[in-house]
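1. Dropping a prediction and its sequence here:
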Amino acid sequence: MKILFSQYFLLKLNFIGFLFIVPLTVFATSTIIAPTFIVNVISDVNVKNETDVIPQVIHYNFASIELLIEQEVGRLVLPQIYKNIGIDITITPLPAPRAQLLANTGKSDGEIMRIWTYGEENNQMIRVPTPYYYLETMPFSLATRQLDIHDKDDLKQYKLAKIRGVKHTNNITKGLAHVYKVNNTENMFKILQKGIVDVALTNTLDGKLTLKRLGYQNIIPAVKPLAVLPLYHYVHLKHKKLVPLINQEILRLQKNGELKALIRSAEEKVNSFIFK
């Protein structure tokens, strides 16, 4: 299997100064098992009525968004799902806008995980109907500010930072006036630390792990996330016959508990790479 996880991720972390010795203490509050409402989602693909067989092409290349924790988990989980049905895949981490462009133009075979609205915005992509992971849209701010943020409307009064091209933070900031776009979570927290922005928006787990690595103790998450969103695998239209096959396998793994175990193992591996 050619995910090249350790080579890519470790090189990227080394390049931006990620690698240094930190005790391996992951956040107990960041669950490694998807919420029950995700694992119980009912598929809208009736696999019993499908007569498709595995396509003759047995290797595919998908894009992921680089340097996001949830995407790194997906880079470990999705290849195993495909392997279970006899298909080999590679995954190429890219900036979010480029990942979307290559997937939509068919230069890659799809994206490993995006939220629901990605499928509504990209008509060349087909959503595998059953999600296999999730994320939380969480606002982070300086503890000394004691900001009271409970919903999108509360964001209007603040200067915000988000990672360029990420859909869930695109959606939550749509129509808001003061939004700074940055390339990665580390840079986002650095400008928050300097007071350039008031609030940084990212996935809860991604934010907490980045803060721990940076050693910032004065930046905290809100009491609860603004949204909890299932994450779906997307394939290009030319590979539509893959959809019922992958969907059926995700459902099987959910039913027998193997998906939870895969996610648990993947998150532990990602954490160990970050804090090695």
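-> Nice, thanks for sending it over.
2. Beyond the lowest-mean-pLDDT helix or strand in the chain, next helix or strand please.
-> Lowest by mean pLDDT, DSSP states H and E among the helices and strands of the chain is helix 36-39, with a mean of 31. Later in the chain than helix 36-39, the nearest helix or strand by DSSP states H and E is strand 59-65.
3. can I assume Tyr82 is in contact with Leu76?
-> No. Tyr82 lies out of contact with Leu76 (CB atoms under 8 Å); the separation is 12.0 Å. In short, each C-beta sits where N, CA and C put it, glycine included.
4. Report pLDDT for the residue lying closest to Tyr60 once chain neighbours are set aside.
-> Distances taken as CB to CB, 6 or more residues apart in numbering put Asp109 closest to Tyr60, at 4.2 Å, once the chain neighbours are dropped. Predicted confidence (pLDDT) for Asp109: 98.
5. Kindly provide the distance from Asp109 to Leu253.
-> Per CB to CB, to the nearest Å, Asp109 is found 21 Å from Leu253.
6. how about low-confidence regions in the chain?
-> 1-57, 275-276 (pLDDT under 70).
7. switch the cut-off to 80
-> Across the chain, the ranges flagged by pLDDT under 80 are 1-58, 273-276.
8. Spell out, range by range, the strands that occur in the stretch 101-250 of the chain.
-> Using DSSP state E, counting those that start in this stretch, the strands assigned to the stretch 101-250 of the chain run over residues 110-114, 125-127, 133-142, 160-163, 179-182, 199-203, 219-221, 227-236.
9. Would you mind giving the ones you listed as JSON lines with distance to Glu267 added?
-> Output for these, formatted as JSON lines (distance: least, CB to CB, whole Å):
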{"stretch": "strand 110-114", "distance to Glu267": "14"}
{"stretch": "strand 125-127", "distance to Glu267": "23"}
{"stretch": "strand 133-142", "distance to Glu267": "10"}
{"stretch": "strand 160-163", "distance to Glu267": "20"}
{"stretch": "strand 179-182", "distance to Glu267": "24"}
{"stretch": "strand 199-203", "distance to Glu267": "12"}
{"stretch": "strand 219-221", "distance to Glu267": "18"}
{"stretch": "strand 227-236", "distance to Glu267": "14"}
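10. Make JSON lines out of those strands and add distance to Leu245 and mean neighbour count.
-> Output for these, formatted as JSON lines (distance: least, CB to CB, whole Å; neighbours: other CB atoms under 10 Å):
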{"stretch": "strand 110-114", "distance to Leu245": "13", "mean neighbour count": "28"}
{"stretch": "strand 125-127", "distance to Leu245": "12", "mean neighbour count": "21"}
{"stretch": "strand 133-142", "distance to Leu245": "19", "mean neighbour count": "23"}
{"stretch": "strand 160-163", "distance to Leu245": "32", "mean neighbour count": "24"}
{"stretch": "strand 179-182", "distance to Leu245": "37", "mean neighbour count": "17"}
{"stretch": "strand 199-203", "distance to Leu245": "28", "mean neighbour count": "27"}
{"stretch": "strand 219-221", "distance to Leu245": "38", "mean neighbour count": "19"}
{"stretch": "strand 227-236", "distance to Leu245": "10", "mean neighbour count": "22"}
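11. tally of neighbours for Ala261?
-> For Ala261, the count of nearby residues is 12 (other CB atoms under 10 Å).
12. Tell me the secondary structure of it, please.
-> helix (DSSP: H, G, I helix; E, B strand; the rest coil).
13. ok, it to Leu205 distance?
-> 18 Å.
14. circling back: and the strands of the stretch 101-250 of the chain: which comes nearest Pro95?
-> strand 160-163 (9.3 Å; CB to CB).
15. Kindly spell out which helices and strands sit in contact with that closest one.
-> helix 167-173, strand 179-182, helix 185-193, strand 199-203 (3 or more CB pairs under 8 Å, 6 or more residues apart in numbering; DSSP states H and E).
16. Double-check that Tyr82 belongs to a helix.
-> Yes. Counting by three-state DSSP, Tyr82 is found in a helix.
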